[in-house]
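Student: Pasting the sequence and the predicted model now:
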Amino acid sequence: MNRSEINGIIRDAGRFIRQRGYYLPPFAYWTPQDWSTKGEEARDIVENQLGWDITDFGQGNYRKCGLLLFTLRNGSLKELRTKKGKLYCEKLMIVDVDQVTPMHFHFNKVEDIINRGGGRLAIRLYSSTQDEGLAENEITASVDGVSRVVKAGGTVLLKPGESITLPSRLYHEFWGVGKRVLVGEVSLVNDDRSDNRFYGRVGRFSEIEEDEKPLHLLVTDYANYWPHAEV
């Protein structure tokens with residue numbers, strides 16, 4: 001992805017999030033210059049990958065296959081293992097109409113996906129086999145605490161205000177229907193370095209062509225701008 005495209009996506013996302021009545025924390029709008037002045041007080045943001053995360057999953061067409069995420073809070077794997085500290089994560093996501101986040105599961109993370117407003121969110125589900133393939137068995141999904149049986153490869157449509165619980169190792173892909181969707185995620189600690197299993201050939205983080213300066217940093221940029229990063 002070009003940095004200019006990423007900058008444009010962030011500008012547009014900020015407007016949309018505010019229009020939906022949500023507001024991001026101050027660090028969302030720190031500039032690269034701001035980051036160059038930050039000390040140890042920002043370590044939690046860096047180490048737990050809080051902030052902007054924009055990806056085209058290595059497919060080269062963000063509008064067709066892509067996702068914008070903003071991680072608001074997140075603990076660490078150490079805290080999760082010891083069951084002490086911050087054991088949870090919260091994200092906002094923006095999903096455009098027919099913009100697909102490809103089929104994947106998480107080895108450990110359990111998550112609630114919440115339609116925070118806009119259009120409907122379509123989520124296709126498959127159980128996983130022992131060798132990480134797509135299983136053909138029915139799935140019992142929890143939609144706002146109500147059990148619902150879904151056939152293999154079936155789709156659940158979430159209207160604004162509705163949510164679904166996705167246990168670990170349950171394959172899912174999703175996209176917006178009708179209008180752009182603001183999506184929330186509440187989960188166990190999130191680890192994008194090792195906890196994702198994509199069914200196809202997908203790259204989690206995009207390669208960036210630096211055709212202009214960053215407006216705000218992505219989580220993958222911190223190592224290049226925060227003075228205390230271990231490079």
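Tutor: Now that the structure is in, tell me what you want to look at.

Student: show me where this structure has helices.
Tutor: Under the criterion DSSP state H, helices of the chain are mapped to 3-19, 32-36, 43-47, 77-82, 222-225.

Student: got a list of what residue 180 touches?
Tutor: Going by Cβ atoms under 8 Å, 6 or more residues apart in numbering, residue 180 touches 16, 94, 95, 96, 97, 118, 119. For glycine as for every other residue, the C-beta is placed from the backbone atoms N, C-alpha and C.

Student: The same query, at a cut-off of 10 Å, please.
Tutor: Taking Cβ atoms under 10 Å, 6 or more residues apart in numbering, we find residue 180 in contact with 12, 16, 20, 94, 95, 96, 97, 99, 117, 118, 119.

Student: Please look at residue 168 and residue 106 and confirm they touch.
Tutor: Yes. With contact defined as Cβ atoms under 10 Å, residue 168 reaches residue 106; the gap is 5.5 Å.

Student: where do the contact lists of those two overlap?
Tutor: Common contacts of residue 168 and residue 106, defined by Cβ under 10 Å, 6+ apart, comprise 188, 195.

Student: So which of these two has more stuff around it?
Tutor: Neighbour count, other Cβ atoms under 10 Å: between residue 168 and residue 106, residue 106 has more, with 22 against 14.

Student: pLDDT score assigned to the more buried one?
Tutor: pLDDT recorded at residue 106 is 97.

Student: For residue 188, see how far away it is.
Tutor: 9 Å (Cβ to Cβ, to the nearest Å).

Student: One more: residue 95?
Tutor: 21 Å.

Student: ok, the contacts of residue 180 vs residue 50, which is closest?
Tutor: Using Cβ to Cβ, residue 94 is the member of the contacts of residue 180 that sits closest to residue 50, with 16.9 Å.

Student: State the pLDDT value of the nearest residue to the closest one once chain neighbours are set aside.
Tutor: Setting aside the residues directly before and after it, residue 94 is nearest to residue 68 in space (Cβ to Cβ, 6 or more residues apart in numbering), at 4.5 Å. With respect to pLDDT, residue 68 has a value of 98.

Student: Now the helices of the chain in JSON lines, please, with extra columns for mean pLDDT.
Tutor: Listed next are those as JSON lines, based on pLDDT from 0 to 100:
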{"stretch": "helix 3-19", "mean pLDDT": "97"}
{"stretch": "helix 32-36", "mean pLDDT": "96"}
{"stretch": "helix 43-47", "mean pLDDT": "96"}
{"stretch": "helix 77-82", "mean pLDDT": "92"}
{"stretch": "helix 222-225", "mean pLDDT": "94"}
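
Student: Export the ones you listed to CSV and append columns for distance to residue 174 and mean neighbour count.
Tutor: Shown next, in CSV, are the helices of the chain (distance: least, Cβ to Cβ, whole Å; neighbours: other Cβ atoms under 10 Å):
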stretch, distance to residue 174, mean neighbour count
helix 3-19, 17, 16
helix 32-36, 31, 14
helix 43-47, 27, 16
helix 77-82, 25, 14
helix 222-225, 27, 15
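
Student: Just the residues contacting stretch 34-48, thanks.
Tutor: Residues from elsewhere that reach stretch 34-48 (Cβ under 10 Å, 6+ apart): 25-27, 30-31, 50-51, 71, 73-77, 79, 86, 89, 189-191, 214, 216-217, 219, 221-230.

Student: Among those residues, which lie within strands?
Tutor: Using DSSP state E, the members of those that fall in strands are 51, 71, 73, 74, 89.
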